[in-house]
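**Student:** Requesting a structural model of the entry that follows:
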Amino acid sequence: MAATQTVTRRQHTKTQTTLTKPSKVQKPPTNPAPKPKSSFKPTQEIQHQLDRIARSTRSPFEKHVYATLCQVPRGQFTTYGAMAAHLGSSPRAIGNAMRRNPFAPGVPCHRVVATGGTLGGFKGQWVKSVKEGKGRLGITLDEKVGLLKAEGVKFAPDGRKVVGSPFTGFV
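**Tutor:** Now for the predicted structure:
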């Protein structure tokens, strides 16, 4: 049973007493609804990439970004903004993590495009390039287009903008 409170206020020389109503704040439920189970089931290849990410010396934020990126299915794309919204970050922070992705192309940063579908820059250093002694940074936009087209992503007639809805089904 809620008790009423008496509040006394002094205004200039008068004293005013007011009765307040009991608070209507509701207590949280004792048994909250269970969280829905994840629908993301990593394949053996994705699990291999997730294990590589977990064992790496990357920052916790970058590990979270790369693990989230592994959820984007082949043949689809997402945006820096969609990933940022899911991770509670900024598109620029996502872009910086993509630029430093040491797991590409296994962890597919080529599947991330700018809001609006434009491709944007992509100049992280791929481990394969370094191992082969090429040491080049990233891939060209033509190579990014080629990777995305090979996976089935559709492009506008100019060939520089993806069409369709970005993947946002992150768990």
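
**Student:** Distance-wise, check residue 97 relative to residue 157.
**Tutor:** Distance from residue 97 to residue 157, counting by CB to CB, to the nearest Å: 31 Å. Placement of C-beta: from N, CA and C, glycine included.

**Student:** More neighbours: these two, which one.
**Tutor:** Of the pair residue 97 and residue 157, residue 97 is the one with more neighbours under other CB atoms under 10 Å, namely 26 against 7.

**Student:** Now do the buried residues in the top helix by length along the chain.
**Tutor:** Using DSSP state H to define each element, the chain has its longest helix at helix 44-55. Residues 46, 49-50, 53 are the ones in helix 44-55 that count as buried (16 or more other CB atoms under 10 Å).

**Student:** what would those residues look like in TSV with pLDDT and distance to residue 61?
**Tutor:** Below are the buried residues of helix 44-55 laid out as TSV (pLDDT from 0 to 100; distance: CB to CB, whole Å):
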residue	pLDDT	distance to residue 61
46	90	20
49	94	17
50	95	16
53	96	12
